[in-house]
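In: what would the 3D arrangement of this be:
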Amino acid sequence: MKTSAVILTVLCVALSAGLTAGCVKNYPTREAVQGAPAGILKLSNAPADARLIVDGRDMGPVSALAAGASLTPGRHEIAVTQGGRVLHAQAVIVAAGAQAVVVVP
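Out: Have a look, this model is predicted:
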């Protein structure tokens, strides 16, 4: 009886590990490469009085970011807010020296 319980436990652990491994994805990190040039994040279709939030930090009104927001290369969580309401939120990957454009629906 003990042997079958051990076998059942081992099978459950193996099945759980196999299912969990399928859920893991390799996402770019927020680690900046030393010396890498910043990337630019531009917003399209955002109201001028909306605000850009990047990684929880208020970057200011969209109207002041016409040239784009300078960001370290990597993955960032962004939100466009207006009057305390989130209009749009998403993850964006900014490449070194490149421009990423987010269209606000």
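In: next, count neighbours for the closest residue to Gln90 other than its chain neighbours.
Out: Distance criterion CB to CB, 6 or more residues apart in numbering; nearest residue to Gln90, sequence neighbours excluded, is Ile78 at 6.3 Å. For every residue, glycine as well, the C-beta is placed using N, CA and C. Per other CB atoms under 10 Å, the neighbour tally for Ile78 reads 21.
In: sec struct for Ile78, please.
Out: At Ile78, secondary structure determined by DSSP: H, G, I helix; E, B strand; the rest coil is strand.
In: okay, it: pLDDT?
Out: We have a pLDDT of 98 for Ile78.
In: that one reaches Ile93, doesn't it?
Out: No: counting by CB atoms under 8 Å, Ile78 does not reach Ile93; the two are 10.9 Å apart.
In: on that earlier part again, let me see the contact set for the residue nearest to Gln90.
Out: Going by CB atoms under 8 Å, 6 or more residues apart in numbering, Ile78 touches Leu41, Leu52, Ile53, Val54, Asp55, Ala89, Gln90, Ala91, Val92, Val102.
In: which of these has the most neighbours?
Out: Going by other CB under 10 Å, Leu52 tops these with 23 neighbours.
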